[in-house]
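> Attaching a predicted model along with its sequence, questions to come.
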Amino acid sequence: MNEIPHISQNSRKIRQAARHAFPHTIPIFAGFWFLGITYGVYMNVSGFSVLYPLFMSLTIFGGSLEFVAVEMLLSAFAPVQTLVMALMIQARHLFYGIAMLDKFKGTDLKKIYLIFGMCDESFSINCSARIPEGVDQGWFMFFVTLFNHIYWVTGAALGGLLGSLISFDTEGLDFVMTAMFVVIFLEQWLKEKRHYTATIGIAASVVCLLFFGPDSFLIPTMAGILLLLTLFRTPIEKAGDMA
């Protein structure tokens, strides 16, 4: 008899976290559905059935890598090159994981899915969102990750279904994600008091872009940002710019 109130309380806590997480993912929904449908259509016109974009989006859950994977599947079997390419494309997630070590503490088994489902968009929300007092942080991050995952999988599956029925020019649709990240950056800028983290991000990106070029600047940029955030962690926390 004593277990029923406990179960009811946990259920309310989970529903509360889902309710607060959902609004943060609405902008992601628009971007993921546009690109997910585009990816599904691309898979279809490349000769793959709807099962491919469905299960690839469900298990890989890496937009850039999934687009590149289409060419890999159509090319000669080369597991070593495929592994190296996948690591290069997704290497930035190493730095995402390091940045989320403290936030993932105490999330129990949810941590497994949070690690698997971490993408650029989920990282941005979970890292910067102001979680209301009383809302369980672990469940909040879980539902942010889950909702974003659902958006991508359903978009890719829908694109795979529609690919055989319609044809359209997908050029330029990838700008949706760029625009979305600009919005996330502006929201973070408005939340910060002294803009230390934003300035570090912009400065590191520009410097690495000039030194390493557009094809190789991403990993050095992530390393530079991590180093600078570590060095200036104390003033950033005092200014209230680090969640």
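Now that the structure is in, tell me what you want to look at.

> going forward, measure contacts between C-alpha atoms and count neighbours the same way
Will do.

> Which helix or strand lies directly C-terminal to the worst-scoring helix or strand of the chain on mean pLDDT?
One helix or strand of the chain scores below all others by mean pLDDT, DSSP states H and E: helix 175-191, with a mean of 67. Remark: after helix 175-191, the chain's next helix or strand is helix 196-212, criterion DSSP states H and E.

> So which elements touch that following helix?
Counting by 3 or more C-alpha pairs under 8 Å, 6 or more residues apart in numbering; DSSP states H and E, the packing neighbours recorded for helix 196-212 are helix 175-191, helix 218-231.

> give the contact list for V135.
K13, Q16, A17, H20 (C-alpha atoms under 8 Å, 6 or more residues apart in numbering).

> Can you classify it as helix, strand or coil?
In three-state terms, and counting by DSSP: H, G, I helix; E, B strand; the rest coil, V135 is coil.

> please begin residue numbering at 412 from this point
Noted, 412 is the first residue going forward, which turns the last one into V546.

> Select from the contacts of V546 every entry located in strands.
Per DSSP state E, strands hold no members of the contacts of V546.

> Among those, name the ones in helices.
Cross-referencing these against helices under DSSP state H gives K424, Q427, A428, H431.

> Neighbour count for the residues you listed - can I get that in a markdown table?
Converted to a markdown table, these look like this (neighbours: other C-alpha atoms under 10 Å):
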| residue | neighbour count |
| --- | --- |
| K424 | 17 |
| Q427 | 16 |
| A428 | 24 |
| H431 | 16 |
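
> Could you point out which of these is nearest to T470?
A428 (24.6 Å; C-alpha to C-alpha).

> Which residue is the nearest non-sequential neighbour of the closest one?
Spatially, and ignoring its direct neighbours in sequence, A428 is nearest to F551 (4.7 Å; C-alpha to C-alpha, 6 or more residues apart in numbering).

> For burial, what's the neighbour tally of that neighbour?
Applying other C-alpha atoms under 10 Å, we find 25 residues neighbouring F551.

> now Y524
Y524: 12 neighbours (other C-alpha under 10 Å).

> Name the nearest residue to it, ignoring sequence neighbours.
F553 (7.5 Å).

> for the one you found, what are its contacts?
F553 neighbours (C-alpha under 8 Å, 6+ apart): K521, Y524, L525.

> tally of neighbours for M529?
Around M529 there are 25 residues (other C-alpha under 10 Å).

> Tell me how far it lies from F515.
11 Å (C-alpha to C-alpha, to the nearest Å).

> And the strands in this structure?
Under DSSP E, the chain gives no strands.

> any idea how it splits into domains?
414-585, 603-654 (automatic domain parsing).

> and those, which is most packed in?
Across those, averaging neighbours per residue (mean count of other C-alpha atoms under 10 Å) puts domain 414-585 on top, at a mean of 17.

> Return the distance of it from the chain's centre.
6 Å (C-alpha atoms, centre = their mean, to the nearest Å).

> Average pLDDT for that domain, rounded please.
The average of the pLDDT scores along domain 414-585 is 85.

> Could you double-check that F554 sits in contact with A429?
Yes. Contact criterion C-alpha atoms under 8 Å: F554 and A429 qualify, at 5.6 Å.

> hmm, back to that, just the contacts of F553: which are in helices?
K521, Y524, L525.

> Let me have those in TSV, adding distance to I630 as columns.
Shown next, in TSV, are those (distance: C-alpha to C-alpha, whole Å):
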residue	distance to I630
K521	28
Y524	24
L525	22
